[in-house]
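Participant: Build me a model from this:
(chains A and B)
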Amino acid sequence: MKKNELIAILLVILSTIGTVLAIFAIEKFRRNKFYTVELLARAPNNGNWYPRRFTLPYGKEAKILIRNIETVSHGFALPDFNVAVNEIKAGEVVVVKFTPDKRGIFPFMCTVWCSDEHLHMTGEITVE
Amino acid sequence: MLILIFVPSSFAQEQFFQIKAKKFSYTPNIIKVNKGDVVRFRLVSEDVHHGLFLDGYGISTSAYPGQEGALKFVADKTGRFSFRCSHTCGEFHPYMVGYLYVSPNYLFWAGTFIILLLGFGSFIITMSKTQKKEGLKLFGIIPLNWQLELTRFKLIRNLLKSRWFPLIPIIINLFIFTVILFAGFVGGWGSGNYNFGVMIVWILWWVLLMLFMVPLIGRFWCMICPFPLLGEWIQRGKLIAVGRQKSWGLSKKWPNKWKNLWPLVILFWITTWFSGFFTVRPFATFILLGAIILLAIIASIIYEKRTFCITMCPVSGFMGLYSNFSLCSVRRKDPEICRKHIPKTCVVGNEKGYGCPWMELPFDMNRNTYCGLCLECFKACPYDNMGFFVSPFGRHLFVERRKTDDIYNRRSTDEAFKGLTMLGIFLSFFLAFQGPYGHLKDMVRATSLSGYLSYIGESFCIDFLLIPVVFLLFTFLSWKVSKNKEVKFKEVFVNFAYILVPVGLAIWAAFSIGIILPNGSYLLHIVSDPFAWGWNLFGTANFPWTPVFTGIMPYIQVLLVVIGLMFALDFGGKFSQQTYASMDEAKKSWIPILIYLVGLHIFFLKLFTG
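Facilitator: From the prediction side, this is the model:
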């Protein structure tokens, strides 16, 4: 009976705390391994792009994980590097890959009419 | 996307509609055409990217602001079809609906005809009966006292007697709910239709509950529910083993006056106020579930046993009431063994099992309302005298008031009101979530405080005034025409209220069909990407929103409404005979209720298809 009790307690801990820890571990591994930056897409009155400004190393392939955490569609365009995603639907996650071959500060913006403040949904990438 | 179907017809009329889409409704929201018409839609968006998917026809278009969508089709299918938004446009996106009527509406008229026919048939059958029959039969065919003891099979008996059951399903559920809570927490205020928590709870769980669990196994959910696990662990000090029977908590007694469904009638109604948040916002689902879990733990520490489940869990009320309709039940097998057996271990417990956590008397149970199927009595009974039975639908609804003051084993006003309010809550839900009325959706999602308060006010008027008063009037009429003054009016009201159990189950099942068929495909997405982090566990993360069987959906809903009516008609006549001593009084008293049922079901048919 003592043994059963221990097994049961272990199962309960595994299914609760264990699950949460496992989810965190998998996600941390996945992000570090596969992506350079995580970019959140939000309408300007709701927080705008986050981070709005970030730095990428020159000449090394960048993988940007863009997550639309809102309830409307957004888009992504980085004209200087010819990178664009036409539509990122609500809840959707896309990965943008490119190699920064120019140095400087480059703007990126939303390309889908997401709210009245849509035109202010912009950010900057610095390549060093 | 432009779909062109051109069929020349001499009578065909070309109909053109410009539909404006704005969060979260269409203008016009109701469109009427005739069969054979060539219909052209122009979809114009006034705010964000909206879509239009037409049920039954399976065609769709979409529009960005400044870029319209178009649709052209021949209205060759008749009936009422919902058109719904096909591009996530905001939190209420899954509820953005409009109606297209293609007349003549054969389904509605055929359904009305069937309902009238059933009502009339039931009337003829009732009138032709001359004397009460011994032994009740469901639809005059299946004897209600027929039963099959599942525990007769050794495998099932051993399973139910094992302490690992239902603990293992509970732990699996605990895992699922941990993921649900986590998804709700990290999902924030984003879109619910791509969140594991929102989708599993409000699309899968609710639908499984109303379509399968409750009608077939009654309180099956209570058997495997993970919410009381932590509280019960604290009370017992043991998870699986049987320690001392006395709780480690304060073990206070819940006041007897409130040991009924009244707290749950109120609590479930209050919970529905927030349905416009927790069915669409991940974090709101997290708050709701978190609050329930916290309440379960606190209540378990303060009060004795499963007081939380009996008097505080919002969904316990309708599950308890409706479980009396279900196929399954836990009962003692041989009353003689129980009579001689002292002390009654199913109540006080022993070293193999705990005394009934639901504070039932398993040795003397004849209804299901307060039996949570926790199976402790199977473990505690040294004579293997507990049985798990399968019996015909509705059998336990026929258990009459007993002379004992046992509050559990009787028909009562609180249960009657639970049945009535469930109809009202269904009506509010249907109009808000499956109806085409944008202003109602704005009220439910609280765009303005006054709108939100008037929604709560309206819901109060429907649930606690309109529906009960209409029912009260018909039962009063029934009581008057019977001319029997010895039977109390309250008894007539309460007895007849139990016809609303199959009715309620049927319309909630029909409502659930309206959730799962259009939106079930989201489930494929969220199992692969539960937190909207870009995971793809099973390779189905990019499965698009695909409504299925939307063409036959109204037919299934009509069928369910009709089935509910058949049970209600069958049960109602029997309740009437239970209430009145003479057949003549029973017949007279039944007629007003029969008219009420027919009217009510034509109204439901109107909601679903007309």
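
Participant: Do a quick rundown of the strands in the chain.
Facilitator: Assuming you mean chain A. Taking DSSP state E, the strands of chain A run over residues A:37-41, A:53-56, A:62-68, A:74-78, A:83-88, A:93-98, A:104-109, A:122-127.

Participant: hm, I was asking about chain B
Facilitator: Secondary structure of chain B (DSSP E): strands at B:14-22, B:25-27, B:30-34, B:38-45, B:50-54, B:59-63, B:69-74, B:79-84, B:97-103, B:137-138, B:142-143, B:148-149, B:328-332, B:386-390.

Participant: Setting the sequence-adjacent residues aside, check what's closest to residue 27.
Facilitator: As the question left the chain open, I've gone with chain A. Nearest residue to residue A:27, sequence neighbours excluded (CB to CB, 6 or more residues apart in numbering or on different chains): residue B:533, at 6.2 Å. All C-beta atoms are positioned from the backbone trio N, CA, C, and that covers glycine.

Participant: think we crossed wires, I meant chain B
Facilitator: Distance criterion CB to CB, 6+ apart; nearest residue to residue B:27, sequence neighbours excluded, is residue B:20 at 4.5 Å.

Participant: residue ranges with poor pLDDT in the stretch 151-300 of chain B?
Facilitator: Across the stretch 151-300 of chain B, nothing is flagged by pLDDT under 70.

Participant: which stretches of it form helices?
Facilitator: In the stretch 151-300 of chain B, the segments counted as helices under DSSP state H, counting those that start in this stretch are B:154-161, B:167-187, B:196-199, B:206-208, B:220-224, B:229-236, B:262-273, B:275-278, B:282-302.

Participant: so which of these gets nearest residue B:145?
Facilitator: Smallest distance to residue B:145 across the helices of the stretch 151-300 of chain B (CB to CB): 21.5 Å, for helix B:154-161.

Participant: Of all the helices of the stretch 151-300 of chain B, which one is nearest chain A?
Facilitator: helix B:167-187 (3.9 Å; CB to the nearest CB).

Participant: mind checking how far the closest one is from the chain centre?
Facilitator: In this view, helix B:167-187 has its centroid 22 Å away from the chain centroid, taken as CA atoms, centre = their mean, to the nearest Å.

Participant: on contacts alone, who are the packing partners of that helix?
Facilitator: Counting contacts by 3 or more CB pairs under 8 Å, 6 or more residues apart in numbering or on different chains; DSSP states H and E, helix B:167-187 is packed against helix A:2-13, helix A:19-34, helix B:196-199, helix B:220-224, helix B:282-302.

Participant: In PDB, list the C-alpha atoms belonging to the third one.
Facilitator: Spelled out, it's helix B:196-199. Extracted C-alpha coordinates of helix B:196-199, given in PDB (Å, rounded to 0.1, in the frame of the first residue of the first chain):
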ATOM      1  CA  PHE B 196      -5.700  24.900 -26.500                       C
ATOM      2  CA  GLY B 197      -7.500  25.900 -23.300                       C
ATOM      3  CA  VAL B 198     -10.400  27.600 -24.900                       C
ATOM      4  CA  MET B 199     -10.900  25.100 -27.600                       C
END
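
Participant: Show the contacting residues for the residue in chain A that chain B sits nearest to.
Facilitator: Closest approach between chain A and chain B, counting by CB to the nearest CB: residue A:91, at 2.8 Å. The contact partners of residue A:91, by CB atoms under 8 Å, 6 or more residues apart in numbering or on different chains, come to A:68-69, B:88, B:190-191, B:193-195, B:532.

Participant: Same check on residue B:253?
Facilitator: By CB under 8 Å, 6+ apart, the residues touching residue B:253 are B:303-304.

Participant: what about 7 Å?
Facilitator: Residue B:253 is in contact with residue B:304, counting by CB atoms under 7 Å, 6 or more residues apart in numbering or on different chains.

Participant: And for residue B:148?
Facilitator: B:389-390.

Participant: give me the beta-bridge partners of it?
Facilitator: Taking DSSP bridges as the rule, residue B:148 bridges to residue B:390.

Participant: Read off the pLDDT value for it.
Facilitator: Among the per-residue scores, residue B:148 holds a pLDDT of 93.

Participant: how about the residues of chain B that lie near chain A?
Facilitator: Contact residues, chain B versus chain A (CB under 7 Å from any CB of the partner chain): B:48-49, B:64-65, B:87-91, B:93, B:167, B:171, B:174-175, B:178-179, B:182, B:188, B:190-191, B:193-194, B:238-241, B:532-534.

Participant: Just the buried ones out of those, please.
Facilitator: B:48-49, B:64-65, B:87-91, B:93, B:167, B:171, B:174-175, B:178-179, B:182, B:190-191, B:193-194, B:238-241, B:532-534 (16 or more other CB atoms under 10 Å in any protein chain shown).

Participant: Tell me where chain A is predicted with low confidence.
Facilitator: A:1.

Participant: Alongside chain B, which residues does it contribute?
Facilitator: A:1, A:4-5, A:8-9, A:11-12, A:15-16, A:19-20, A:23, A:27, A:65, A:67, A:69-73, A:89-91, A:93, A:112-114.

Participant: Buried ones from these, can you make that a PyMOL selection?
Facilitator: Remark: buried members of those, expressed as a PyMOL selection using 16+ other CB under 10 Å:
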select buried, chain A and resi 8+11+12+15+16+19+23+65+67+69+70+71+72+73+89+90+91+93+112+113+114
